[in-house]
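In: compute the structure for the input listed below.
(chains A and B)
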Amino acid sequence: MAHHESTYNPQGRWAKWWDERLPVARLMNTQFVEFPTPRNLNYLWTFGGILTFCLVAQLATGIVLAMHYQPSGAEAFDSVDTIRRDVNYGWLISKLHAVGASMFFVAVYIHLFRGLYYGSYKAPREILWILGVFILLAMMATAFMGYALPWGQMSFWAVTVITNLFSSLDSIIPGLGTSIVEWLWGGYAVTGKTLTRFYSLHYLLPFVLTGLVVLHIWALHVVGQSNPTGLEIKTKADAVPMYPYAVSKDAFALFAFLLLFMWFVFFAPDYLGHADNYKPADALVTPSHIVPEWYFLPFYAILRAIPEKLLGVLAMFGSIAVLLFVPWLDRCRTVRSARYRPVYKWFFWLLVFTCMALGYLGAKPAEGVYVFWARIFTAYYFIHFLLVLPILGLIETTKKPPASIAESVLGDVASADPSKAS
Amino acid sequence: MTTHNDDNADPVRRDFMVLAGSTFAGVGAAASLWPFIDQMNPDAGAQALASIEVDLEPIQEGQAVTILWRGKPVFIRHRKAEEIKAALDVQLSDLIDDKARNDDLPPEDPATDLNRVKKGQEKWLVLIGICTHFGCIPKGQRLGDSKGEFDGWFCPCHGSHYDTSGRIRKGPAPRNMEVPPYKFVSDSKIKIG
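Out: Numbering: from 1, shown residues only, chains lettered A, B, ... in the order given. Next comes the predicted model:
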């Protein structure tokens, strides 16, 4: 789609002068104004724009918070409290950042499941999809390190448990895991030194994330957007220019999303957090029930479902790594979208249910019936990707999609009288 | 003809130059990366092997204390006779991890209760109080704490149960809790580290 002819026509000498030297205006016009957008996009396609907003919002609030935060073991906890109580509008900016992290994940999970439902990962969008998985990983690393910074009890023990994941490598090469963990900590236990380096990396990673997002958008503008029918744009009738059509739809969705976002910020700023994180970090007492933030709960449930340490860690990382291979695991080549896959549709919703169930179980104690169900759902999670996707793709009888995107919206225009079609 | 020969000879020589040059640059780049990696390792201050003396006199039978050594909690428990007996009665084949994990003993020594304590001082159990799963502090030091199914320690994070010798008996932890290097400097005083 990036290859379509630019119709940008610089107006005036100043615009022409620039266009011959650095054609930024031409690029923006081609890619974000006249860019052909499928005319049948639904609201699930607005999350790309929402996510871009989330990234910019986290960068802006984060840079401001860094002006007031003290990244040392002795001062971090108090400085976060100071930001909330003393700094002008600190109560607002700190909660925009903390709630913003959660909202970022709300949006990214919807975006990801949208892709799984409509087969957005299928050729030629494999690289686009894989970049998306790397974005998810970078987001997780950033969020984890950010969660460490308030240096409360949950921060401290989340750092302890998650960095200790690497100690499971000791069962492959004795001492390797321990060396890595001590390298991450900068000592023989989690200390203020660990906090300081996490702060540095928490500031660095968002810029890596931004780079990945630029590549993701670039790849998107090379192959063009997918859409609910999974068909490619073939004629002018299939597409509308990005501005004003997609832009106004994105803006409307963004404001709806912001209503939810701001409801949390103003009315329930601590709801998504955990009370134990308002106790200062204590190396001698582990809280009786430690849980990660909600967006990590399904992965935490997978980690705990497996009784062997190394296998649990591998399963947890594997649950994300498997996403990288989805474009090749799905063997269905006739159609992209689940709209025309009557059986896959049900398995998709089973996967959604599985992820929610794992999220619920991840917040429960690791004992009894909870472990049993966590194992069942962990098994299905992997069965879905490793067995259902390849096998179903080969045996499923798909429905016949419409002839074009335009036909899916307007009906059979080709055979009808064009004057009635509008 | 001569130009033709030159064309044949030059690429070989050029390939060698490119290979040697990029290898040299690659090794240099890798070597200059090392300081940036190594700076994250424990620094001289953290490495300085601190040792600490603990007076066991005030710890009554059945009581336990936790002290901090090198930033890590150390559990010291004054075991009751029945706790020692329970630990001695366990067969090695019943253990998840059959290694002693005692820093004062060779790594291959078996995890008998005698290998986890000092001879003649079997009532004193000294452990690094960190769950070998993901590093939480197990419960069981305070009165009223859950001590797990084997009356030792219980890690609430992911449900690991340790016995009265600090050995892993049930749950996801892979190893017995570690016994730090220590010695008795008198009958009622130990030096850790």
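In: okay but A:Asp238 is in contact with A:Arg39, surely?
Out: Yes - contact between A:Asp238 and A:Arg39 holds when scored by Cβ atoms under 8 Å: they sit 6.4 Å apart. The way it works is simple: take the backbone N, C-alpha and C, and place the C-beta from them, glycine included.
In: centre of the chain versus stretch A:291-300, how much separation?
Out: 14 Å (Cα atoms, centre = their mean, to the nearest Å).
In: ok, A:Asp238 and A:Arg39, which is more surrounded?
Out: A:Asp238 (22 against 18; other Cβ atoms under 10 Å in any protein chain shown).
In: tell me who's in contact with the more buried one.
Out: A:Pro38, A:Arg39, A:Leu231, A:Ser404, A:Ile405, A:Ala406 (Cβ atoms under 8 Å, 6 or more residues apart in numbering or on different chains).
In: spatially nearest residue to it (excluding sequence neighbours)?
Out: Nearest residue to A:Asp238 in three dimensions, chain neighbours excluded: A:Ile405, at 3.9 Å (Cβ to Cβ, 6 or more residues apart in numbering or on different chains).
In: cool, A:Pro150 as well?
Out: A:Val80 (4.6 Å).
In: pull the number of nearby residues for whatever residue of the stretch 201-350 of chain A ends up closest to chain B.
Out: Closest residue of the stretch 201-350 of chain A to chain B, Cβ to the nearest Cβ: A:Thr286 (4.2 Å). When neighbours are defined as other Cβ under 10 Å, A:Thr286 has 24 of them.
In: pop out the phi and psi values for it.
Out: Note on A:Thr286: its backbone torsions stand at phi -90, psi 130 [degrees, to the nearest 10].
In: same deal with B:Glu178?
Out: Phi and psi for B:Glu178, reported as degrees, to the nearest 10, are phi -80, psi 140.
In: in contact with it, which residues?
Out: B:Arg101, B:Asn102, B:Asp103, B:Leu127, B:Ile128, B:Ile130, B:Thr132.
In: show me the contacts of A:Asp238 that map onto strands.
Out: Applying DSSP state E to those, the entries found in strands are A:Pro38.
In: report all helices and strands that the longest helix anywhere in chain B contacts.
Out: Longest helix in chain B, counting residues (DSSP state H): helix B:2-38. Judged by 3 or more Cβ pairs under 8 Å, 6 or more residues apart in numbering or on different chains; DSSP states H and E, helix B:2-38 is in contact with no other helix or strand.
In: which of the residues in that helix are buried?
Out: If you call a residue buried by 16 or more other Cβ atoms under 10 Å in any protein chain shown, then helix B:2-38 has no buried ones at all.
In: quick one: the residue of the stretch 201-350 of chain A closest to chain B and A:Ala363, what's the gap?
Out: Using Cβ to Cβ, to the nearest Å, A:Thr286 is found at 17 Å from A:Ala363.
In: before we move on, what about A:Ser167?
Out: Taken as Cβ to Cβ, the span from A:Ser167 to A:Ala363 is 24 Å.
In: neighbour count winner among those two?
Out: The neighbour comparison of A:Ser167 against A:Ala363 (other Cβ under 10 Å) goes to A:Ser167, with 24 against 14.
In: picking up where we left off before, ok, now which ones touch the residue nearest to A:Asp238?
Out: Contacts of A:Ile405 by Cβ under 8 Å, 6+ apart are A:Pro38, A:Arg39, A:Asn40, A:Asn227, A:Thr229, A:Leu231, A:Ile233, A:Lys234, A:Asp238, A:Ala239.
In: can you select the buried ones from the residues you listed in ChimeraX?
Out: In ChimeraX, a selection of the buried entries from these looks like this (16+ other Cβ under 10 Å):
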select /A:38,39,40,227,229,231,233,238,239
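In: how about A:Leu128, nearest residue that isn't a chain neighbour?
Out: A:Ala219 (4.2 Å).
In: with just CA atoms, put stretch A:265-281 into PDB.
Out: C-alpha atoms of stretch A:265-281 as PDB (Å, rounded to 0.1, in the frame of the first residue of the first chain):
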ATOM      1  CA  VAL A 265      -7.700   7.700  37.600                       C
ATOM      2  CA  PHE A 266     -10.300   9.900  39.300                       C
ATOM      3  CA  PHE A 267     -12.600   7.400  41.100                       C
ATOM      4  CA  ALA A 268     -10.600   4.300  41.800                       C
ATOM      5  CA  PRO A 269      -6.900   5.200  41.400                       C
ATOM      6  CA  ASP A 270      -5.700   2.300  43.600                       C
ATOM      7  CA  TYR A 271      -8.200  -0.300  42.500                       C
ATOM      8  CA  LEU A 272      -5.800  -2.000  40.000                       C
ATOM      9  CA  GLY A 273      -2.900  -1.900  42.500                       C
ATOM     10  CA  HIS A 274      -2.300  -3.900  45.700                       C
ATOM     11  CA  ALA A 275      -2.600  -2.700  49.300                       C
ATOM     12  CA  ASP A 276       0.600  -4.500  50.300                       C
ATOM     13  CA  ASN A 277       2.600  -2.100  48.100                       C
ATOM     14  CA  TYR A 278       1.800   0.700  50.500                       C
ATOM     15  CA  LYS A 279       4.100  -1.000  53.000                       C
ATOM     16  CA  PRO A 280       7.800  -0.300  52.500                       C
ATOM     17  CA  ALA A 281      10.000  -3.100  51.100                       C
END
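In: wait, does that stretch contact chain B?
Out: No - Stretch A:265-281 does not reach chain B (Cβ under 8 Å from any Cβ of the partner chain); its nearest approach is 12.4 Å.
In: measure B:Met17 to B:Ala25 for me?
Out: Relative to B:Ala25, and taking Cβ to Cβ, B:Met17 is found at 12 Å.
In: for B:Pro11, same thing?
Out: 20 Å.
In: same question for B:Glu82.
Out: 68 Å.
In: with B:Ser32 instead?
Out: Using Cβ to Cβ, B:Ser32 is found at 11 Å from B:Ala25.
In: swap in B:Ala87?
Out: Distance of B:Ala87 to B:Ala25, computed by Cβ to Cβ: 60 Å.
In: and for A:Glu182?
Out: 31 Å.
In: so B:Trp153 lies in a helix, does it not?
Out: No - assessed with DSSP: H, G, I helix; E, B strand; the rest coil, B:Trp153 is strand; it does not lie in a helix.
In: residues touching the residue nearest to A:Pro150, list them.
Out: A:Tyr69, A:Ser94, A:Leu149, A:Pro150, A:Trp151.
In: turn those into TSV, including neighbour count and pLDDT.
Out: As requested, the contacts of A:Val80 are arranged in TSV below (neighbours: other Cβ atoms under 10 Å in any protein chain shown; pLDDT from 0 to 100):
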residue	neighbour count	pLDDT
A:Tyr69	20	97
A:Ser94	23	97
A:Leu149	21	97
A:Pro150	26	97
A:Trp151	26	97
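In: max pairwise distance over the residues you listed: which two?
Out: A:Ser94 and A:Trp151 (14.0 Å; Cβ to Cβ).
In: what does the stretch 251-400 of chain A put close to chain B?
Out: Residues of the stretch 251-400 of chain A found near chain B (Cβ under 8 Å from any Cβ) are A:283-286, A:288-290, A:304, A:306-310, A:312, A:365-367.
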